[in-house]
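> here is the input, now give the coordinates:
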Amino acid sequence: MRSCVPQEWNDYNLRWNESEFGGVKDLRITPNKIWRPDILMYNRYHVMCYVTTPFVVPRPMSNKCFGEQGNHF
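Numbering: from 1, shown residues only. The predicted structure is shown next:
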């Protein structure tokens, strides 16, 4: 299965008001300093697998899940 799931959230801790910081308009932060949610995949057979591929926004992901009987979804 291949899928690309756009994800977006608004973290109030990352809001920036330039007037509070001397007119600074841009702030560059390395991606590993920003919290990103864990991604958990479900399917109709109630098999769960955690995605261990580092998630870089935006980037299509390719993952495989195997069921209890060895079925490949």
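> where does pLDDT dip in this protein?
Applying pLDDT under 70 to the chain flags residues 1-5, 7, 39-73.
> can you say which helix or strand has Pro6 in it?
Using DSSP states H and E, Pro6 sits in no helix or strand.
> how deep is it tucked in, by neighbour count?
Other residues near Pro6 come to 6 when the count uses other Cβ atoms under 10 Å. For glycine as for every other residue, the C-beta is placed from the backbone atoms N, C-alpha and C.
> could you do Asn17 as well?
Residues contacting Asn17 under the criterion other Cβ under 10 Å number 6.
> how far does stretch 16-23 stretch from start to finish?
11 Å (Cα to Cα, to the nearest Å).
> begin at 39 from here
Renumbered: residue one is now 39, and that last one reads stretch 54-61.
> what does it contact?
For stretch 54-61, the external contacting residues (Cβ atoms under 8 Å, 6 or more residues apart in numbering) are Val62, Lys63, Leu65.
> using CSV, lay out those residues together with distance to Arg74.
Below are the contacts of stretch 54-61 laid out as CSV (distance: Cβ to Cβ, whole Å):
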residue, distance to Arg74
Val62, 24
Lys63, 24
Leu65, 18
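> can I get those residues in TSV including secondary structure?
As requested, the contacts of stretch 54-61 are exported to TSV (DSSP: H, G, I helix; E, B strand; the rest coil):
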residue	secondary structure
Val62	coil
Lys63	coil
Leu65	coil
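> what subset of those residues is buried?
With neighbours counted using 16 or more other Cβ atoms under 10 Å, the contacts of stretch 54-61 contain no buried positions.
> now, among those, which is nearest to Asn48?
When these are compared for distance to Asn48 (Cβ to Cβ), Leu65 wins out at 16.2 Å.
> now that closest one: closest residue in space, sequence neighbours ignored.
Trp54 (6.1 Å; Cβ to Cβ, 6 or more residues apart in numbering).
> how far away is the one you found from Lys63?
For Trp54, the distance to Lys63 (Cβ to Cβ, to the nearest Å) stands at 8 Å.
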